[in-house]
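Chemist: what follows is a predicted structure for the sequence shown.
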Amino acid sequence: QQSGRKYNLFLKRRLRIDKRHQSKDSIFFRDGVRRIDFVLSYVDDLNKEWEKKLERRKEFESNLQKAGLELETEDKKESEDGKIFFVKIHAPWEVLITYAEVLNIKVPIRENDIPPMVENPLDCVLFPLRLPEKVMHPEPDYFTAPFSKDKQELYLINDESTFFSPSMRNRIVNYILTRCPYGTEEGKKKFGIKRLLNNGTYTAAYPLHDCQYWKKASDPNCDSERYTLYMEWARFLRFYKEQPLVLIRKYYGEKIGIYFAWLGFYTEMLFLAAVVGLICFLYGLFTMDENMSSKEICDPAIGGEIIMCPLCDRDCEYWRLNTTCESSQYSHLFDNVATLFFAIFMGIWVTLFLEFWKRRQARLKYEWDLVDFEEEQQQLQLRPEYEAKCTQKKKNPVTQEMEPYLPLTSQAVRFCISGATVLFWVSLIIASMIAVIVYRLAVYAAFASLMENTQTLQPISGVLTPQLATSVTASCLNFVIIMILNFFYERIAIWITDMEIPRTHMEYENRLTMKMFLFQFVNYYSSCFYVAFFKGKFVGYPGAYTYMFNRWRNEECDPAGCLIELTTQLTIVMAGKQIWGNIQEAIVPWICNWWGRRKARNNPENLYSRWEQDHDLQTFGALGLFYEYLEMVIQFGFITLFVASFPLAPLLALMNNILEIRVDSWKLTTQYRRPVAAKAHSIGVWQEILNGMAILSVVTNAFIVAFTSDMIPRLVYYYAYSENEDSPMSGYINNSLSVFLISDFPERNEPKENPENFVICRYRDYRYPPDHEKKYLHTMQFWHILAAKLAFIIIMEHVVFIVKFFVAWMIPDVPADVKAKIKREKYLTQKILHEYELEKLKERLCQGDKRATEKEFIATEGRMELSRAM
């Protein structure tokens, strides 16, 4: 019986080979002429919904044909698993020119005669980074104009089959698919491929890649752009090469093109920040041995003689200051004078990045024919879901046409539910952060006891202090919680945004972006904000400690400061997110595709069709780019909001982004179906988010330098309290520690044991000693330091903001040469159009057409003169 099955399978394959001698790895219909612009797939499952789905498909495909599209169906017997039907869609010329006019698609009218930019003198140096000219500029640059059916002679139409690029074609077909009706159900008109995908009528809808990524197509009519992108862009070995943005835009559309342009520009700008950050880090490394504070802490005669008060109640013991010798030395790597310089530098760098990106974006808008593109052409059109769910109609004051709308009461209810849901999840994050803080407070004593009593940990006790062990484990725990909450909230955010029924695509994306960013902001940054601005600030003093929930004593900073803990927290969360993100983006899709294609690996090429190969790939989805932007913007926050604590953050981000560009390009080219092309003239609402974070970063870094680092107390001591002229910083450690009389400990705080019968212990604060009349009250030095910190914040913020706004004012958003080119192109385009109209009028006059009056002729010439004058 088994041999009989094998024989039948052999006959089936042999029959399919004989039926079609040419390879099925083709992007054309069976006639080899008509190009496949889109593919729909479905499974003919015989369940209770079968008849309803069949009826929907018949109606939908009939309406597609009425709209002018041509269909060709591949029977399930021709598919690899014998279950899937494929409907191939071709848009003929008449359909393309009709909808090109509707979508206001710009097409070539004349080759660009504006001289190219003057050659960059650094081109010779940058030559190894360049790609071949045929890859960077696969076709000539043209002057363009919106397509019009009535003026076809005006456009450079050499071949109707290739005049509209494949990305334009799939965009047009997708526009028809999203608006094509398929019947009436429950008294409502139903339409759109998205709804049919959701209810299982179709299993997939996608445009085709033009070839396999690892080899060129055998068909000479195919450009094999996917192969070129893979070879020149999507391989990691090309990480040092520039990106072929024109080809990316041509193949994937402007929306994906502008993302990679932004990511590439951001990575280039990170190089400068990474170099300066590395220099600041090296400064800290080379001056580590000269740091007087760590010298005093490590000195057995100073730090070895200073007895510190216990860090927890009852179970913790007295400890000597020199046990934190190594951590104090490492703290100097990040807590030094270079920290202040780098914080100010990054405040200016952010402004330069945002301003120069606006200029780069303006150049791309000109080069990609997006100058006159308005979002309302596509993005501001009503979403099919909005049209389907809103049954009430009212007159649009602009178009004077009836269109659906959502009543104000319904909007208010939906927004209340949405707001309450977002607030609940943000509260959940804060609650989880408080839980991690409680974990820190609860396990510190356990770590202190474990490290003291475990002999195997003694050799590393100098480096792995109880504070550091608590900080590292809490950071790892916090990262795990962040990932779990993130996983659930992504789905909740999409659900509540769908529930709000946004009117347009742009409105939908903006609302989802704000919800996701607000959540991610609190999720990723809350722990860093806690360490930077709250830890060690509300501790109290021995005998009068402050407690969380009247049970857990608040955490103290290390004697060398809290900055090293903020660095640890930032490194773990930032690096962990980047590693996990790359695993999710690259390895998971690869495993899914490998598993999906495992049966087809041994099949001959002529049995594994192009549409089946693409069907087995992952879906990029409408929100694919949204997650890419979100990942990069969160990273942008790490390298700007807390960069004063970790100068190496830009270097980590740079290395990640070099990998990120190639991972994103690799997965898009090899692991995902070809996305539907979409237009975009900017990065959208992300620009405003980046601007907001840039302003906030100045404030956070000023507070980090003032309150988290030890720079201001050291400067105050240096200039106001130092008594040693030869070595002004000597004595700082002793000055920064207050004295506490052990006999003043209440029973709740007093350690169980005091084997060496210590009389006093020291703690980190500026308070009067026990024999002073103002016992344990803040000294005048405390208030001097606080005043200096506040003054520093005000001065730093004002200086950086003044420089930022001056730089922003100095750098114009649109380069002068781009402005000139835009004016030149508009003038020439108007001139060409008016000359065309003039020629048509002359022809009509010669043919004796009475309608072409002399007035029309004069009016056309007048418009030409006006165009020249403008």
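Modeler: Yes, it's here.

Chemist: alpha carbons only for contacts and neighbour counts from here, please
Modeler: OK.

Chemist: mind giving me the domain split of this protein?
Modeler: Described in terms of the TED database, the domain architecture of the chain consists of the residue ranges 24-105+147-208, 816-869.

Chemist: off-centre distance for the longest one?
Modeler: What that stands for is domain 24-105+147-208. Computed by C-alpha atoms, centre = their mean, to the nearest Å, the chain-centroid distance of domain 24-105+147-208 equals 32 Å.

Chemist: and that domain, average pLDDT?
Modeler: In this model, domain 24-105+147-208 carries a mean pLDDT of 87.

Chemist: next: the shortest one.
Modeler: Looking at domain 816-869 alone, the average pLDDT works out to 70.

Chemist: of all the domains of the chain, which one is nearest E268?
Modeler: Shortest separation from E268 across those is recorded for domain 816-869, at 21.5 Å, computed as C-alpha to C-alpha.

Chemist: circling back: so which of the domains of the chain comes closest to K295?
Modeler: Taking C-alpha to C-alpha, domain 816-869 is the member of those nearest to K295, at 56.5 Å.

Chemist: can you verify my assumption that F271 contacts A653?
Modeler: No: taking C-alpha atoms under 8 Å as the definition, F271 is not a contact partner of A653, at 9.5 Å.

Chemist: of these two, give the one with the bigger neighbour count.
Modeler: With neighbours defined as other C-alpha atoms under 10 Å, F271 and A653 compare such that A653 has more, 24 against 16.

Chemist: what is the burial count for I307?
Modeler: Look at I307: counted by other C-alpha under 10 Å, it has 19 neighbours.

Chemist: which residues touch A653?
Modeler: Applying C-alpha atoms under 8 Å, 6 or more residues apart in numbering, we find A653 in contact with 270, 635, 639.

Chemist: gap between the first one and N691?
Modeler: Just to be clear, that refers to L270. Counting by C-alpha to C-alpha, to the nearest Å, the separation of L270 from N691 is 17 Å.

Chemist: more neighbours: which of these two?
Modeler: Set side by side, L270 and N691 show unequal neighbour counts under other C-alpha under 10 Å, the larger going to L270 at 23 against 14.

Chemist: look at the more buried one and give its secondary structure.
Modeler: The three-state label given to L270 by DSSP: H, G, I helix; E, B strand; the rest coil is helix.

Chemist: pretty sure it sits against P650.
Modeler: Yes: the pair L270 and P650 passes the contact test of C-alpha under 8 Å, sitting 6.2 Å apart.

Chemist: can you read off the pLDDT for L15?
Modeler: You'll see L15 listed with a pLDDT of 41.

Chemist: deepest of the domains of the chain, which one?
Modeler: domain 24-105+147-208 (a mean of 17; mean count of other C-alpha atoms under 10 Å).

Chemist: what segments of the stretch 301-450 of the chain are strands?
Modeler: Using DSSP state E, counting those that start in this stretch, the strands assigned to the stretch 301-450 of the chain run over residues 307-308, 319-320, 393-395, 402-404.

Chemist: out of these, which comes closest to D113?
Modeler: Closest approach to D113 among those is made by strand 402-404 (44.7 Å; C-alpha to C-alpha).

Chemist: follow-up on the earlier one: dump the domains of the chain to TSV, plus distance to I501.
Modeler: Converted to TSV, those look like this (distance: least, C-alpha to C-alpha, whole Å):
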stretch	distance to I501
domain 24-105+147-208	15
domain 816-869	38
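
Chemist: what pLDDT does the spatially most central residue of the chain get?
Modeler: Note on the chain: the residue nearest the mean C-alpha position is Y629, at 2.0 Å, using C-alpha atoms, centre = their mean. As predicted, Y629 sits at a pLDDT of 92.

Chemist: which residues touch it?
Modeler: Y629 makes contact with 259, 686, according to C-alpha under 8 Å, 6+ apart.

Chemist: gap between it and F517?
Modeler: As for Y629, its distance to F517 is 10 Å (criterion: C-alpha to C-alpha).

Chemist: same thing with D159?
Modeler: Between D159 and F517 the computed distance is 46 Å (C-alpha to C-alpha).

Chemist: same deal with Y489?
Modeler: Distance, Y489 to F517, by C-alpha to C-alpha: 11 Å.

Chemist: try N550
Modeler: Between N550 and F517 the computed distance is 34 Å (C-alpha to C-alpha).

Chemist: just the helices in the stretch 501-650 of the chain please.
Modeler: Taking DSSP state H, counting those that start in this stretch to define them, one finds helices in the stretch 501-650 of the chain at 505-533, 563-582, 588-596, 610-615, 624-641, 649-666.

Chemist: and the last one, what's buried?
Modeler: If I follow you right, that is helix 649-666. Under the neighbour-count criterion of 16 or more other C-alpha atoms under 10 Å, helix 649-666 has 649-654, 656-658, 660-666 buried.

Chemist: what do you get for the second one?
Modeler: If you call a residue buried by 16+ other C-alpha under 10 Å, then helix 563-582 has these buried ones: 563-575, 577-578, 582.

Chemist: show me which of those residues is closest to T287.
Modeler: For T287, the closest of those turns out to be I564, at 16.6 Å, with distances computed as C-alpha to C-alpha.

Chemist: contact partners for that closest one?
Modeler: Contacts for I564 (C-alpha under 8 Å, 6+ apart) come out as 330-331, 334, 645.

Chemist: could you rerun that using 6 Å?
Modeler: With contacts defined as C-alpha atoms under 6 Å, 6 or more residues apart in numbering, the neighbours of I564 are S331.
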